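**Student:** Everything below, folded, please.
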Amino acid sequence: MDAAVRRAVEITPAATTRQRIVDVTTTGRRTGLPRRIEIFFYHVAGRTYLCSGTVDRPSWYVNLVAEPAFTFHLKHGVRADLRATARPVTEDAERRAVLTEIVADLNQPANPGHLPQPVDLEDWVRRCRLVEVSFPD
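**Tutor:** Prediction:
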């Protein structure tokens, strides 16, 4: 992965709202057609994640469960279309560890993600759909 692309993916809590926004193109689970949406992404412990917050059964998530291969589109600063694979994070301890970091990031005083303060960890642990994103070499 190009160094500028790697820096864009490996955001920190200091990242601006704009730097946290990407598009993802999934394959529709029923139609087989490409579906592109805008979404925030997160970087925790050296890994990249997509998270639904408290939205129940988002279409991007059910599409990725059905077909894990997708495209991760960087669009602010660095522009790149990256082949990616999603792995649903369903094990409780792993979900809690990752979501604890994401919620702490969102609850920081500057709140770059612009979500209502404070974000409730327990609500996110119960309701959030979470996937780890990997980028094939």
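**Student:** Could you list the low-confidence segments of the protein?
**Tutor:** Scanning the chain for pLDDT under 70 picks out 110-117.
**Student:** State which helix of it is the longest.
**Tutor:** Ranked by number of residues, the top helix in the chain under DSSP state H is helix 92-106.
**Student:** Tell me which other helices or strands it touches.
**Tutor:** strand 34-44, strand 47-51, helix 121-127, strand 130-134 (3 or more C-beta pairs under 8 Å, 6 or more residues apart in numbering; DSSP states H and E). In this view, the C-beta of every residue, glycine as well, is placed from N, C-alpha and C.
**Student:** and Tyr61, how many neighbours?
**Tutor:** 21 (other C-beta atoms under 10 Å).
**Student:** ok, and the closest non-adjacent residue to it?
**Tutor:** Arg129 (4.0 Å; C-beta to C-beta, 6 or more residues apart in numbering).
**Student:** now do Leu121
**Tutor:** Excluding the flanking residues, the one nearest Leu121 by C-beta to C-beta, 6+ apart is Val103, at 4.6 Å.
**Student:** How about Ala69?
**Tutor:** Of all residues not flanking Ala69 in the chain, Thr85 sits nearest, at 5.7 Å (C-beta to C-beta, 6+ apart).
**Student:** so how far does stretch 82-93 reach from one end to the other?
**Tutor:** 29 Å (C-alpha to C-alpha, to the nearest Å).
**Student:** buried ones in it?
**Tutor:** Within stretch 82-93, the residues that qualify as buried are Leu82, Ala84, Thr85, Ala86, Val89, counting by 16 or more other C-beta atoms under 10 Å.
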